[in-house]
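K.L.:
Please work out how this folds:
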Amino acid sequence: MLEQLSPYIRVAMDSWLDSDAFIEERVIWDYELLLLKEGRLEITVDGAVYAGEAGDVFLFKPKQPHSIRVMGGQAARQPHVHFDLSETADSPDVWVSFKPLRHMSRT
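P.N.:
Presented below is the predicted three-dimensional model:
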């Protein structure tokens, strides 16, 4: 199986979320690996709530409902990478979603 992996990196960035930031529930088409470098986050995945602190790592999988809220009154630094496990013909055309599944279409 490992020899079949050829990750396609869609987005890789070191970003900050403002102290009052809230990313509403969404699903993504790819995987996202998020490292909470500074600050605190409340991350909800499939209805379960997690308290994230500096050093925590989160992995979101395709079509998994999740939301992200900054906590503690300070901005949060959250380097993250969006990727596919292997490159496919449509990999360059897939976008990072900020919508819940019910608001998405196949095109």
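
K.L.:
Give me the secondary structure label for the residue nearest the centre of the chain.
P.N.:
The centroid of the chain falls nearest to residue 32 when counting by Cα atoms, centre = their mean (4.2 Å). When states are read from DSSP: H, G, I helix; E, B strand; the rest coil, the local structure at residue 32 comes out as strand.

K.L.:
doesn't residue 60 make contact with it?
P.N.:
Yes. Judged on Cβ atoms under 8 Å, residue 32 makes contact with residue 60 at a distance of 4.4 Å. For the C-beta atoms, the positions are set from N, CA and C on the backbone; glycine is no exception.

K.L.:
Next one: the residue nearest to residue 7 when sequence neighbours are not counted relative to residue 57, how far apart?
P.N.:
Leaving aside its chain neighbours, residue 7 sits nearest to residue 83 (5.0 Å; criterion: Cβ to Cβ, 6 or more residues apart in numbering). Residue 83 sits 14 Å away from residue 57, going by Cβ to Cβ, to the nearest Å.

K.L.:
For these two, indicate the residue with more neighbours.
P.N.:
residue 83 (17 against 10; other Cβ atoms under 10 Å).

K.L.:
Next up, identify which helix or strand that one is on.
P.N.:
strand 80-84 (DSSP states H and E).

K.L.:
quick one: the residue nearest to the centre of the chain and residue 71, what's the gap?
P.N.:
Taken as Cβ to Cβ, the span from residue 32 to residue 71 is 19 Å.
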